[in-house]
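Enquirer: just to be clear, the model below is a prediction. Sequence and coordinates:
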Amino acid sequence: MSDKADDSSEMTYEHWYPDVPAVMDSRSLAGLLSTSDQVIRTWAREGLIPSHRPPGGRKFKFLRHEIFEWLIAHRYVPGEDTGASDEADCHNE
């Protein structure tokens with residue numbers, strides 16, 4: 001019985017993001033991320049973003065939970081060291 005109580009307290013994407021489909025194509029993911037589907041396909045081919053493609057298939061599919069986890073893991077935090085200052089220091093020396 002305590003397991004059920006724990007399950008209800010967990011975040012579910014269906015609850016918080018009902019308009020985001022569980023499986024997306026590159027066009028719908030591009031709309032979600034405000035970029036082009038060409039950029040999304042390039043990221044997928046280069047392995048920069050989690051994606052799935054059936055053997056011999058041409059179209060990528062993206063799973064909502066994997067994309068949200070990827071976004072959280074790669075989010076931009078203002079003021080966090082991104083290495084850009086190190087590069088700028090090298091050019092100033």
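Expert: Cool, got the structure.
Enquirer: show me where the protein has its strands.
Expert: All strands of the chain, identified by DSSP state E, fall at 23-24, 62-63.
Enquirer: pick the most buried one from those.
Expert: strand 62-63 (a mean of 20; mean count of other CB atoms under 10 Å). For the C-beta atoms, the positions are set from N, CA and C on the backbone; glycine is no exception.
Enquirer: contacts for it?
Expert: 22-26, 29, 40, 44, 49-52 (CB atoms under 8 Å, 6 or more residues apart in numbering).
Enquirer: and those residues as TSV, adding distance to residue 58 and pLDDT?
Expert: Below are those laid out as TSV (distance: CB to CB, whole Å; pLDDT from 0 to 100):
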residue	distance to residue 58	pLDDT
22	21	92
23	16	95
24	16	96
25	11	96
26	11	96
29	16	96
40	14	97
44	11	97
49	17	97
50	18	97
51	12	97
52	13	97
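Enquirer: which residue is nearest the centroid of the protein?
Expert: Nearest to the mean C-alpha position of the chain, by CA atoms, centre = their mean, lies residue 67 at 3.2 Å.
Enquirer: and that one, how close does it get to residue 36?
Expert: 16 Å (CB to CB, to the nearest Å).
Enquirer: residue 54 now?
Expert: Residue 54 is 23 Å from residue 36, by CB to CB.
Enquirer: these two - which one has more neighbours?
Expert: residue 36 (13 against 9; other CB atoms under 10 Å).
Enquirer: isn't the more buried one up against residue 30?
Expert: Yes - look at residue 36 against residue 30 with CB atoms under 8 Å: they come within range, at 5.6 Å.
Enquirer: and the closest residue to residue 43 other than its chain neighbours, backbone torsions?
Expert: Nearest residue to residue 43, sequence neighbours excluded (CB to CB, 6 or more residues apart in numbering): residue 49, at 4.2 Å. Per-residue torsions, residue 49: phi -130, psi 140 (degrees, to the nearest 10).
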